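Participant: A structural model of the following input is requested.
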Amino acid sequence: MEYDVQALSIEETRRRKSLSDEARNMVKQSLTIEEEDDTGLMMMFEDFYLQISFSELHPLMVIYLVRYLEDGRL
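Facilitator: All right, here's what the predicted structure looks like:
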């Protein structure tokens with residue numbers, strides 16, 4: 001299924017950006033961020049590498065958790 005970005009109104013585009021920005025700021029206030037870029041925040045959390053990515057288009061927040069196994073594999 002294709003998603004028509006151009007079908008969104010300017011108001012809806014702004015609303016989605018605002019939601020994404022608010023979610024990003026809440027995470028930044030709650031966790032110690034080690035690195036960040038335009039799309040996500042990265043940090044260590046407990047024994048996990050945690051990456052949280054944000055999308056203004058949908059809007060959504062995707063959370064990745066990665067932990068090394070005892071033998072060193074991911």
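Participant: show me where the protein has its helices.
Facilitator: Using DSSP state H, the helices of the chain run over 10-30.
Participant: mind showing which ranges of it have poor pLDDT?
Facilitator: Along the chain, segments meeting pLDDT under 70 span 1-5, 72-74.
Participant: where do the strands sit along this protein?
Facilitator: For the chain, the strands defined by DSSP state E cover 35-36, 40-45, 48-55, 60-66.
Participant: what is the residue nearest in space to the middle of the chain paired to in the beta sheet?
Facilitator: The chain has S53 as the residue nearest its centroid, 2.0 Å off, counting by C-alpha atoms, centre = their mean. S53 forms beta bridges with G40, V62, as assigned by DSSP bridges.
Participant: run a quick neighbour tally on T39.
Facilitator: By other C-beta atoms under 10 Å, 14 other residues sit near T39. Where C-beta positions appear, they are placed from N, C-alpha and C, glycine not excepted.
Participant: quick one: contacts for the residue lying closest to it once chain neighbours are set aside?
Facilitator: Of all residues not flanking T39 in the chain, S53 sits nearest, at 5.3 Å (C-beta to C-beta, 6 or more residues apart in numbering). Listed by C-beta atoms under 8 Å, 6 or more residues apart in numbering, the contact set of S53 reads 39-40, 61-62, 64.
Participant: distance of S53 from S18?
Facilitator: Going from S53 to S18 by C-beta to C-beta, to the nearest Å gives 17 Å.
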